[in-house]
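Peer 1: Sequence and computational prediction follow.
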Amino acid sequence: MAAVALAAALLASGCGADGAGTGGGKEPALGPVAHNPVTSSLAFPMDAFTDSDADVFRMARVQDRITAQCMARYGFTYEGSGPAAAPAGAEDRHRYLFGVADPAYAARYGYDKSAGAERVPPVRPALSESADVVLHGMRPGEKPGSRPDPMTQEEADRTDSGIDVGGKKVPAGGCLREGYRKLYAPTKDSVDLLFAFGLSSEAHQRSKNDSRVEAVLGKWSDCMGKAGYSGIQTPYEVVEKLRLTDDKGSPKAVAAAVKDVACKREVNLVGVWAAVEKAYQEQLAEEHAETLALYKKQRDARFKLAASMS
């Protein structure tokens, strides 16, 4: 699940994958521009290389099983660290790509993205000190990064962690890292798990500087200004500029979100921006076709492994 958290951080910061490029040159031609599409209907090239919520849950369970197999070699039981149940409800992976966009959601929850999504984390039994050492590949008191942590399982098989438990060498990085590497980075040609996500982030960054997006953002900003929300240039700064960070579901937040969405629909912000973003993703997909093909092949192999372990 750490990879999911990292992905969220990358999107928030706008970082792209290595080699994704910085854009520039002529703006790409657009395909059809939908009129106020619902976000659940949006489809981008990188979606084909991105795990759904159900996929993420399924692969987390597989990773937990591989980790448990590693722990069993040392006589320990491991119940996993992921969620106990699959995510409920229909998925809308692009729900907040352009800020809040659903009128009904805005009217009910404002900018509170966590509304209705609270989950109680599973209670796991505490590990013994020896089991914890095997799981994390560190002795008590050691700091993360103080021991070798190879990027691939191929390299890890040749790396001495310097730790023995029960007369057996603990894998570098512990069983947690072994579980990750065996699933996502078995060999030196393994494509980074976040490669496709990085390309998506790069396309999003490029789209922000596209003249067609700048134009529709200007219209949206003018609409917001006429409603009393002046000085807001993009949907991503509404919460901060209106000082709603600590109360995203308040009546004030709801009122702003309702107008935010109404302005988006007035200028067709989602339709225009989605068309521009898709064009940049298509551009990047063509530039990185070979790596994406390898990524897909490796992803299919992971899914095949998941099916064999279910």
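Peer 2: Happy to help now that I have it. Numbering: from 1, shown residues only.
Peer 1: Which of the three states applies to D300?
Peer 2: Per DSSP: H, G, I helix; E, B strand; the rest coil, the secondary structure class of D300 is helix.
Peer 1: What is the burial count for it?
Peer 2: Using other Cβ atoms under 10 Å, D300 has 10 other residues around it. Quick note: C-beta positions are derived from backbone N, CA and C, even for glycine.
Peer 1: how far away is it from E155?
Peer 2: With distances taken as Cβ to Cβ, to the nearest Å, D300 is found 24 Å from E155.
Peer 1: show me where the stretch 201-310 of the chain has strands.
Peer 2: With DSSP state E, counting those that start in this stretch, there are no strands along the stretch 201-310 of the chain.
Peer 1: Could you verify my assumption that L199 touches E286?
Peer 2: No. In this structure, L199 is not within contact of E286 by Cβ atoms under 8 Å, at 10.9 Å.
Peer 1: For these two, indicate the residue with more neighbours.
Peer 2: L199 (29 against 10).
Peer 1: Helix or strand: which one has L183?
Peer 2: Using DSSP states H and E, L183 maps to helix 174-184.
Peer 1: List the contacts of that helix.
Peer 2: Helix 174-184 has contacts (Cβ atoms under 8 Å, 6 or more residues apart in numbering) with 2-3, 59, 62-64, 66-67, 70-71, 78, 81, 133-138, 149-153, 156, 161, 171, 173, 190, 193, 302, 305.
Peer 1: Can you tell me which of those residues are buried?
Peer 2: Taking 16 or more other Cβ atoms under 10 Å as the criterion, what is buried in those is 3, 59, 62-64, 66-67, 70-71, 78, 81, 133-138, 149-150, 152-153, 156, 161, 171, 173, 190, 193, 302, 305.
Peer 1: ranges for the helices of the protein?
Peer 2: In the chain, the helices defined using DSSP state H lie at 2-13, 53-72, 103-109, 129-136, 153-156, 174-184, 195-208, 211-226, 238-241, 251-267, 269-287, 289-309.
Peer 1: Report the residue ranges of every domain in the protein.
Peer 2: The record's domain parsing of the chain by automatic domain parsing lists 1-8+41-95+125-190, 192-288.
Peer 1: Determine which stretch of the ones you listed is the most buried.
Peer 2: Most buried of those, by mean neighbour count (mean count of other Cβ atoms under 10 Å): domain 192-288, with a mean of 19.
Peer 1: Dump the helices of the chain into TSV; add distance to V165 and mean pLDDT as well.
Peer 2: As requested, the helices of the chain are arranged in TSV below (distance: least, Cβ to Cβ, whole Å; pLDDT from 0 to 100):
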stretch	distance to V165	mean pLDDT
helix 2-13	23	39
helix 53-72	11	94
helix 103-109	48	96
helix 129-136	5	96
helix 153-156	17	96
helix 174-184	10	96
helix 195-208	35	97
helix 211-226	55	98
helix 238-241	48	96
helix 251-267	51	98
helix 269-287	45	98
helix 289-309	25	94
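Peer 1: Same list (those) but as CSV, adding distance to P45.
Peer 2: Shown next, in CSV, are the helices of the chain (distance: least, Cβ to Cβ, whole Å):
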stretch, distance to P45
helix 2-13, 17
helix 53-72, 17
helix 103-109, 26
helix 129-136, 38
helix 153-156, 30
helix 174-184, 22
helix 195-208, 9
helix 211-226, 18
helix 238-241, 28
helix 251-267, 23
helix 269-287, 4
helix 289-309, 9
